[in-house]
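In: I need the structure of the sequence given here:
(one chain, ligands or ions: 2)
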Amino acid sequence: MVRAKSWTLKKHFEGFPKTSDLELKEVELPKLKDGDVLFESVFLSVDPYMRPYSRIYMKEGDIMIGSQVARVVESKNPTYPVGTYVVANSGWTTHFISDGKDLRLLPSWPENIPRSLALGTIGMPGLTAYFGLFEICKIRAGDTVLVTAAAGAVGSVVGQIAKIGGCKVVGCAGSDKKVAYLKQIGFDEAFNYKTVGSLEEALKKASPDGYDCYFDNVGGEFSSIVLNQMKKFGRIAVCGAISGYNDTVPQKGPYVQIPMIFKELYMEGFIVSRWNDRREEALKILLRWVVEGKIKCEEHVTEGFEKMPAAFMGLLKGENLGKAIIKV
Ligand SMILES: NC(=O)C1=CN([C@@H]2O[C@H](COP(=O)(O)OP(=O)(O)OC[C@H]3O[C@@H](n4cnc5c(N)ncnc54)[C@H](OP(=O)(O)O)[C@@H]3O)[C@@H](O)[C@H]2O)C=CC1
Ligand SMILES: CCCCC/C=C\CC(=O)/C=C/C=C/C=C\[C@@H](O)CCCC(=O)O
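Out: Ligands and ions are numbered 1, 2, ... in the order given. Presented below is the predicted three-dimensional model:
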């Protein structure tokens, strides 16, 4: 018999998440039926969406939502022999039983590429960067692209894909270490938004002509300032609004209308799952770029399933450089 440990939402988050909002529970899993597969999680992901989505899609007592790379440890399903790796959306849990539906096989994974990247650059965050840039920003060679939360899972891939596409890339991040990392992976300009005196001046210095594209991961006041630095007919991909996820009172303007009208901007929000039908095609391209060394990947790995709440809170505080991963 296998005992599964799971982190559950004890109490809905109010403001910044607290350790006491989450509870570790242990259950004995039943015997497998025909068609069933028993998995153990090898790597788990913590992502910003878990904060707003927990309020919308979860009730107290549920296992925290999330995805993992998992390995088959027992199987009564020929599609998933013992030792097979998959990406699953089974939440914050060490073990789970599946009937094989809604899993993504990791069949021919190159030996020198960590499987944890299937939760990052070669997974949902990488796809977010890819589709946000190509489908929303519609980048063209010569564009100047600005990205926020630039040293994170999505942002670091945004910058590197934009460079592959022949763009000039400017990144903002919350520490000098992150800024140094951005320059190391090929960003043309980068600055620490927490320490520059004036965000407006920093944006102007990084690109005196303004910005063709803005990949917005943070929302809030910063994005209001960016609107006025866009070039005429600029394109804005509204990907995330992490600066407001823990707010108890919604942030207020300035509002978008005046710069939108005056600069004739295009602004569109998106959720990466819109392109699920093109997922495999895009993942192949992302994997190829990683194998060829055109995209560098950094991971912020926390060891130990017990530390998952701390890793989640650390992500929301900006402690991660690259993709935040939990190694069980
Ligand atoms: N629309 C979609 O389909 C998807 C949207 N997203 C969104 O993309 C964004 C980035 O996600 P992801 O790459 O996974 O996460 P990251 O790896 O970038 O981690 C989050 C980062 O956000 C930054 N941050 C935290 N608080 C604030 C704040 N108050 N103001 C500004 N920045 C802050 C921190 O970096 P720093 O130190 O630089 O402040 C932190 O490291 C999120 O908003 C997320 O919700 C992600 C996936 C899919
Ligand atoms: C209350 C307003 C909510 C604002 C939107 C918040 C966050 C945007 C965001 O972060 C979106 C994330 C989208 C996630 C998409 C897929 C997940 O279900 C996990 C998929 C895991 C995988 O396939 O690898």
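
In: only C-alpha atoms for contact and neighbour calcs from this point on.
Out: Fine.

In: tell me the phi and psi of the residue in the stretch 51-200 of the chain that ligand 2 sits nearest to?
Out: In the stretch 51-200 of the chain, no residue comes nearer to ligand 2 than Met124, which is 4.3 Å away by C-alpha to the nearest ligand atom. The phi and psi torsions at Met124 (degrees, to the nearest 10) take the values phi -50, psi -50.

In: how many other residues sit next to it?
Out: When neighbours are defined as other C-alpha atoms under 10 Å, Met124 has 20 of them.

In: tell me the contacts of it?
Out: Residues in contact with Met124, defined by C-alpha atoms under 8 Å, 6 or more residues apart in numbering, are Ala118, Val272.

In: Ile326 now?
Out: Phe43, Leu44, Ser45, Val46, Val301, Thr302, Glu303, Gly304, Phe305, Met308, Ala311.

In: returning to that earlier point: which pLDDT value goes with the residue of the stretch 51-200 of the chain closest to ligand 2?
Out: pLDDT, Met124: 98.

In: all helices of the chain, in order?
Out: Read by DSSP state H, the chain holds these helices, from start to end of the chain: 50-57, 124-131, 153-164, 176-184, 199-206, 220-227, 257-262, 279-291, 308-317.

In: Out of those helices, indicate the one that is most buried.
Out: For the helices of the chain, the stretch with the most neighbours on average is helix 153-164, a mean of 26; neighbours defined as mean count of other C-alpha atoms under 10 Å.

In: Tell me which other helices or strands that helix touches.
Out: For helix 153-164, the elements it packs on are helix 124-131, strand 144-147, strand 168-173, judged by 3 or more C-alpha pairs under 8 Å, 6 or more residues apart in numbering; DSSP states H and E.

In: Select, out of the ones you listed, the one closest to ligand 1.
Out: The closest of the helices and strands packed on helix 153-164 to ligand 1 is strand 168-173. By C-alpha to the nearest ligand atom, the value is 3.4 Å.

In: Neighbouring strands - and their directions - for that closest one?
Out: Paired with strand 168-173 in the same sheet, following DSSP bridges, are strand 144-147 (parallel), strand 189-192 (parallel).

In: Just name the most buried of those strands.
Out: Comparing the strands paired with strand 168-173 on average neighbours per residue, with mean count of other C-alpha under 10 Å, the densest one is strand 144-147 at a mean of 27.

In: Give the rounded mean pLDDT of that one.
Out: The predicted model gives strand 144-147 an average pLDDT of 99.

In: who's in contact with Lys183?
Out: When contacts are counted by C-alpha under 8 Å, 6+ apart, Lys183 touches Glu189, Ala190.

In: Tell me how far it lies from Ala151.
Out: For Lys183, the distance to Ala151 equals 10 Å [C-alpha to C-alpha, to the nearest Å].

In: one step back: could you dump the helices of the chain to TSV with distance to Ser6?
Out: Formatted as TSV, the entries for the helices of the chain read as follows, by distance: least, C-alpha to C-alpha, whole Å:
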stretch	distance to Ser6
helix 50-57	15
helix 124-131	22
helix 153-164	24
helix 176-184	32
helix 199-206	42
helix 220-227	34
helix 257-262	45
helix 279-291	29
helix 308-317	10
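
In: Looking at those, spot the one closest to Asn192.
Out: Put simply, out of these the one that sits nearest Asn192 is helix 176-184, at 6.1 Å, with distance taken as C-alpha to C-alpha.
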